[in-house]
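> Give me a model of this one.
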Amino acid sequence: MDVKECGRHVFGVCHDHLAPHVSDGIVVSEHVTYKKLISTIAGELKIDETRKKIKARYIVEVNASPLFICNEMSVKLYVLQFRLEDCVWIFKASCRRGIELFKVRFFQDVHTCPLKDHVFTQLQATVGFVSGFAALKLVNYKRIHTPNDIIEAIKNTFGVDINYQKAWRAKERTIKMLRGKPAYGYRQMARYVYMLNSVYPSSHIRIHKFEDNKFMYLFVALQPLKSGFEYCRPEVVVDGAHLSGAYKGTFVSASTLDGAGCILPIAYGVVDSENDNSWTWFFENFKIDFGERDSMCVVSDRHESIIKVVSVVYPNVPHLACIWHLWKNVCTNFRKSKDRLSDIYYAMAKAYCKDEFGFF
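Coordinates of the predicted model:
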């Protein structure tokens, strides 16, 4: 019987009263358990498995090459041997008709085949191997390389299939190897602040900690950005973005538009979440460094804490709504009409006088 499957144990049961070329195949996984192996053979030979008279003196190893069983003569003789002709490994057992007990007749457990023929029958990629392979793609932190990309790359390069969990674990291990653990990054915060002050003198950088000396808030306003804000319109846009990873938090920032209409960041920081205390601490540091300019305004997504804090820290500064966040609310509440409302909405948002705004 010509069976070419690799990575699985393939058993062929041949009955001598049939034509020599007729055979039934039993296919089991290479990780088959002892109970499953006995059950499969018993089912093929129509043996009452519940009587528990089947005894096995040898269990096929996990990484063994494909084997086959033959049934010869009136006495049922079962022979397990390697498909490789130059290997002398063989296992023989027999039982007479009407008897359900197998008796081992001969067992030669020495392999004479090359090691690669019975070790490399099924290639597997470990997490360590995959992480080393993915390291070259993840050196550049700006590059997006997802677990699905890793799965595809391993398949195309080595012809090996890996699951999503293994790819994800390999990526996490690679990132940890290249950039260190998140906790280590927070321990380097003091060095980070020191280097910023050394490279950008006169910057305003502050760290706020808990009573047990754990990190709480960070505020950074670099001197070059402070100088650039003096030549921009006094419009401050603030927003927050949730951080992912082992340590949660929120990245907060303040930015404006330069003369070319490009975004210019003027201050940023990290806080625990968007709440009254964190935004108060951020705006107080912002006011210490930037003060209050004439015709200044603050633009945000209308977060409740931002509205409350701006009215306290900057009582004379108007607070405006971001047109992009406002448009998202329109799309949420008027999904069917958003295409028709788009042109009208942006025309109203970009109107420069009340008469033009009232036209719509």
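> after the host helix or strand of A153 comes which helix or strand?
Counting by DSSP states H and E, the element that carries A153 is helix 147-158. Downstream of helix 147-158, the next assigned helix or strand under DSSP H and E is helix 164-179.
> Which strands or helices does that next one pack on?
On a contact count with 3 or more CB pairs under 8 Å, 6 or more residues apart in numbering; DSSP states H and E, helix 164-179 meets helix 127-138, helix 147-158. Every C-beta, even on glycine, is put in place using the N, C-alpha and C of the backbone.
> List the buried residues in the last one.
Going back to what we said before, that points to helix 147-158. Within helix 147-158, the residues scored as buried using 16 or more other CB atoms under 10 Å are 147, 150-151, 153-154.
> can I get the helices and strands packed on helix 164-179 in TSV with mean pLDDT and distance to E304?
Conversion of those to TSV gives the following (pLDDT from 0 to 100; distance: least, CB to CB, whole Å):
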stretch	mean pLDDT	distance to E304
helix 127-138	88	39
helix 147-158	90	37
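> okay if I get these as TSV plus distance to I90?
Below are those laid out as TSV (distance: least, CB to CB, whole Å):
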stretch	distance to I90
helix 127-138	35
helix 147-158	34
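> And these: which comes nearest M296?
helix 127-138 (42.6 Å; CB to CB).
> Identify all contacting residues around that closest one.
Residues from elsewhere that reach helix 127-138 (CB atoms under 8 Å, 6 or more residues apart in numbering): 143, 145, 149-150, 153-154, 157, 162, 166-167, 169-171, 173-175, 177-178.
> Return the helix or strand in this protein with minimum mean pLDDT.
Least confident helix or strand of the chain, by mean pLDDT, DSSP states H and E, is strand 8-13 with a mean of 37.
> about what we covered before: emit the ChimeraX select command for whichever of the contacts of helix 127-138 are buried.
This is the ChimeraX syntax for the buried subset of these, where burial follows 16+ other CB under 10 Å:
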select :150,153,154,162,166,167,170,171,173,174,175
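> what's the nearest residue to R169 if we skip its chain neighbours?
V127 (5.2 Å; CB to CB, 6 or more residues apart in numbering).
> Kindly state the pLDDT recorded for the residue nearest to A349 when sequence neighbours are not counted?
Excluding the flanking residues, the one nearest A349 by CB to CB, 6+ apart is I323, at 4.3 Å. Looking at I323, its pLDDT is 88.
> pLDDT weak spots in the chain?
1-38, 40-85, 96-102, 114-123, 360 (pLDDT under 70).
> Can I get stretch 203-220 as CSV, trimmed to CA atoms?
Only the C-alpha atoms of stretch 203-220 are listed here, as CSV (Å, rounded to 0.1, in the frame of the first residue of the first chain):
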residue,chain,number,x,y,z
SER,A,203,12.1,73.4,28.8
HIS,A,204,9.3,72.9,31.2
ILE,A,205,9.2,69.2,32.3
ARG,A,206,7.4,68.0,35.4
ILE,A,207,6.7,64.6,36.9
HIS,A,208,4.1,64.0,39.6
LYS,A,209,4.2,60.8,41.7
PHE,A,210,2.1,58.9,44.2
GLU,A,211,3.0,58.9,47.8
ASP,A,212,4.7,55.5,47.4
ASN,A,213,7.0,57.0,44.7
LYS,A,214,5.1,55.4,41.8
PHE,A,215,4.6,57.3,38.5
MET,A,216,1.4,59.4,38.2
TYR,A,217,1.6,62.3,35.7
LEU,A,218,4.1,63.7,33.2
PHE,A,219,4.1,67.1,31.5
VAL,A,220,6.6,68.1,28.8
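> mind listing what's buried in it?
Residues 203-207, 215-220 are the ones in stretch 203-220 that count as buried (16+ other CB under 10 Å).
> Pull the residues that contact that stretch.
Stretch 203-220 has contacts (CB under 8 Å, 6+ apart) with 186, 189-190, 193, 196-197, 221-223, 226, 267-272, 278, 281-282, 285-286, 288-289.
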